[in-house]
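**Student:** fold the following for me, if possible:
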Amino acid sequence: RRNAITGLMHWHTQITIADKSRPWVPLDPNIPHDDEPGAKACAKLVSDEARRIGAIPETTRETVEQWFKRFHAYKEARGLGTVEEMRGRARNWIMSGIATKDMRAVTREDIEAIVRRLDRAIEAWQAADGGRGEGRLSASSAANVWGDLAHAFEEAVKSKDPSLRVLKTTPCASVRGPETGPDREGPILFSDEIVALLRGRAVDAGDRDVPLYRRRVYAFAIYTKGRRSELAALTAPDVDLSHATITISKQVERTKVNGAKVVGTKKTKTKRTRTVDIEPHLFALVQHLVKHPDGKGARLLRVPPSED
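**Tutor:** Numbers count the residues shown, from 1 in each chain. Sure, this is the predicted structure:
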């Protein structure tokens, strides 16, 4: 931006002052044009000084909701693939009671109130024998919410982005997170059970056989160790039949645009591309699906919904 007085092009920042106006304030003209971190650090110093001298009134300080919006945008800009999930957890489990509160005024008591809500949600989930429903949350999901919350306030203290550093200490310090709940052992399938599953024959009279499209998904999951969202994103270009490999580089992402559900893809959870060998027992199936995909939009597999 061009300095209105000197006519020079250099970094500026906007601040909201007592009369509600948002003037552009010139920063140090010696900051290089490509030094965005340096400009952000200088902008924070200007903002802090404006607060110190009373140019920015208390009523214009940043709310928790506003700060989290910036925080999530920062994470998204850095390529984190789970930001939408973080936004959802914040909206559903963190914002209640503190959304409009000044970020700098959040107390240990506010954090403990969030933990109590998570504990009640875990109890409700356990009482429903793991059934989904409003106000219910598994212990592992509650741990994800707590992890998001603790990490966010830690970033408010020592983020690499100076503009996010608005606290001296985190209110999450010395606060115990939600209850972990009883340990749950995941189901284990033995080799004979896997064979039976892939055959898909009903055991009891009157039961239905396992549909073919599901058995294909199970076979891919067993032989590639791909996550559900990764398997759902596979297309023919991900398969190299001549070298018998499958490249896993993306996962399905479901979003809403103007109220309509949109299915796209994004990087895998770990941001890493993996190449797996096609096992001999799986090769014929992969070869068939490359020519005759099961899923929509040329996806190889028709992956069942997660609630199944």
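
**Student:** quick one, helices of the stretch 151-300 of the chain?
**Tutor:** 191-199, 212-224, 228-232, 280-291 (DSSP state H, counting those that start in this stretch).

**Student:** tell me which of those is the most buried.
**Tutor:** helix 228-232 (a mean of 21; mean count of other CB atoms under 10 Å). C-beta: built from backbone N, CA, C; applies to glycine.

**Student:** list the helices and strands it packs on?
**Tutor:** helix 212-224, strand 250-257 (3 or more CB pairs under 8 Å, 6 or more residues apart in numbering; DSSP states H and E).

**Student:** can you tell me which of those the model trusts least?
**Tutor:** For the helices and strands packed on helix 228-232, mean pLDDT drops lowest on strand 250-257, to a mean of 81.

**Student:** which of the residues in that strand are classified as buried?
**Tutor:** 250-252 (16 or more other CB atoms under 10 Å).

**Student:** can you check stretch 146-158 too?
**Tutor:** Counting neighbours by 16+ other CB under 10 Å, one finds that the buried residues in stretch 146-158 are 146, 148-150, 152-153, 155-156.

**Student:** can I get it in PDB, CA atoms only?
**Tutor:** This file holds the C-alpha atoms of stretch 146-158, laid out as PDB (Å, rounded to 0.1, in the frame of the first residue of the first chain):
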ATOM      1  CA  TRP A 146     -10.200 -31.000  24.100                       C
ATOM      2  CA  GLY A 147      -7.100 -31.400  21.900                       C
ATOM      3  CA  ASP A 148      -8.400 -28.700  19.600                       C
ATOM      4  CA  LEU A 149      -9.200 -26.400  22.500                       C
ATOM      5  CA  ALA A 150      -5.900 -26.800  24.300                       C
ATOM      6  CA  HIS A 151      -3.900 -26.400  21.100                       C
ATOM      7  CA  ALA A 152      -5.800 -23.300  20.100                       C
ATOM      8  CA  PHE A 153      -5.100 -21.500  23.400                       C
ATOM      9  CA  GLU A 154      -1.500 -22.700  23.300                       C
ATOM     10  CA  GLU A 155      -1.300 -21.100  19.800                       C
ATOM     11  CA  ALA A 156      -2.800 -17.900  21.300                       C
ATOM     12  CA  VAL A 157       0.400 -17.800  23.500                       C
ATOM     13  CA  LYS A 158       3.200 -18.900  21.200                       C
END
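
**Student:** next one, pLDDT for Ala128 please.
**Tutor:** Value for Ala128, per-residue pLDDT: 88.

**Student:** ok, how many other residues are close to it?
**Tutor:** Ala128: 12 surrounding residues under other CB atoms under 10 Å.

**Student:** ok now do the nearest residue to it once chain neighbours are set aside, which residues does it touch?
**Tutor:** Leaving out its chain neighbours, the residue that sits closest to Ala128 by CB to CB, 6 or more residues apart in numbering is Arg136, at 5.9 Å. Contacts for Arg136 (CB atoms under 8 Å, 6 or more residues apart in numbering) come out as 121, 124-125, 128.

**Student:** before we move on, what about Ala233?
**Tutor:** Applying CB under 8 Å, 6+ apart, we find Ala233 in contact with 250-252, 265, 299.

**Student:** what about it, distance to Arg299?
**Tutor:** Distance of Ala233 to Arg299, given as CB to CB, to the nearest Å: 7 Å.

**Student:** over to Thr268?
**Tutor:** 16 Å.

**Student:** what do you get for Thr245?
**Tutor:** Plainly put, Thr245 is 18 Å away from Arg299 if you go by CB to CB.

**Student:** those two: which has the busier surroundings?
**Tutor:** A direct count of neighbours by other CB under 10 Å for Thr245 and Arg299 places Arg299 higher, at 20 against 14.

**Student:** surely that one meets Leu234?
**Tutor:** Yes. Arg299 lies in contact with Leu234 (CB atoms under 8 Å); the separation is 6.5 Å.
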